[in-house]
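Student: Below are the sequence and a predicted model for it; my questions follow.
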Amino acid sequence: MSMKKIVLLLIFLSFSFGFAQNETLFNEATELYNNGEYSAAIENYDQILENGEHSASLYFNLGNCYYKLNSIGPSIYYYEKALVLSPNNQEIKNNLRFAQNMRLDAIEEVPRTEISKIYKSVTGLFSYDGWAYLAVALVFLFVLAYMAYYFVRPANQKRAAFISSIFSLVMGVFCILMAYLNFQQYKNNDPAIVFEKEVSVNSEPNANSNTVFTIHEGTKVNVLDELDDWKKIRIADGQTGWLRGDNVKKIKDF
């Protein structure tokens, strides 16, 4: 057997072993959770994360474990991470709302215009890669319809093929635009969850500056900037300030 084949075989065996190990850990964690041993289940799920596996179901189960332990920050954090990977999952959204009800902070969001609501609902139908996949499928349909236009003979079929090709092309371009806008929105949005019981948000990135406002565990913030050990954040009502970076955990860190 050649060295290349041996290396490929070792990689395959290593991957298979890792997959089987993670599956065993996941099943054990599920059993521990059902028996009310939430801390032990968390240890198993953490081991799976250390093995390099990330999934919406894994983060969702971690959120459930921390919710049962009344750990507000971690439960919201893991539900939010699960939602990043599965944005349309209603079960995750429902459990996240239950966890959010445990927070001390009740921050009202800045009112959005009707146009911004429509824009957000349309772009949020799919993730940016979902829009990209749809665009590829529509471009493929455009090619098929365009070929059909040249090969079919009846006038009504040629007309239908032509209209279908134009429609597929226009929708494909639209989906590419939506993918781009969604990706830009994804990049500009850097959410994090507060893990400390109470955090003072300062006007400047130093401990001697004035406290602008105070937030509590489980509150979701958006990270705008970073300087040394400090992060500039914005909360849902539009207020901004600086806090120590170790007081929050970024949701998109996978």
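Tutor: All right, it came through fine.
Student: Show me where this protein has its helices.
Tutor: In the chain, the segments counted as helices under DSSP state H are 3-34, 38-50, 56-68, 72-85, 90-100, 114-123, 128-151, 155-188.
Student: For Ile251, which of those helices is the nearest?
Tutor: Across the helices of the chain, Ile251 has its closest neighbour in helix 72-85 (4.7 Å, CB to CB). C-betas here are computed from N, CA, C, even on glycine.
Student: Quick check: mean pLDDT of the closest one?
Tutor: Mean per-residue pLDDT for helix 72-85: 96.
Student: which strands and helices sit next to that helix?
Tutor: When contacts are defined as 3 or more CB pairs under 8 Å, 6 or more residues apart in numbering; DSSP states H and E, helix 72-85 packs onto helix 56-68, helix 90-100, strand 191-194.
Student: residues in contact with the last one?
Tutor: The one in question is strand 191-194. By CB atoms under 8 Å, 6 or more residues apart in numbering, the residues outside strand 191-194 that reach it are 73, 76-77, 80, 215-223, 231, 233, 247-252.
Student: Show me which of those are buried.
Tutor: 73, 76-77, 80, 215, 217-221, 223, 231, 233, 247-251 (16 or more other CB atoms under 10 Å).
Student: Just give me the residue right at the centre of this structure.
Tutor: Centroid-nearest residue in the chain: Val84, 1.2 Å away (criterion: CA atoms, centre = their mean).
Student: related to what we said a few turns ago, give me the subset of the buried ones among the contacts of strand 191-194 lying in strands.
Tutor: Taking DSSP state E as the definition of strands, the buried ones among the contacts of strand 191-194 contribute Ile215, Lys220, Val221, Val223, Lys231, Ile233, Val248, Lys249, Lys250.
Student: shouldn't the third one be in contact with Asp237?
Tutor: No - counting by CB atoms under 8 Å, Val221 stays clear of Asp237, with 11.2 Å between them.
Student: Single out the most deeply packed of the helices and strands packed on helix 72-85.
Tutor: A comparison of those by mean neighbour count, using mean count of other CB atoms under 10 Å, puts strand 191-194 on top with a mean of 22.
Student: what's the burial count for Tyr78?
Tutor: 30 (other CB atoms under 10 Å).
Student: tell me the contacts of the nearest residue to it once chain neighbours are set aside?
Tutor: Of all residues not flanking Tyr78 in the chain, Gly63 sits nearest, at 3.7 Å (CB to CB, 6 or more residues apart in numbering). Listed by CB under 8 Å, 6+ apart, the contact partners of Gly63 are Pro74, Ser75, Ile76, Tyr77, Tyr78, Tyr79, Ala82, Ile92, Asn95, Leu96, Ala99.
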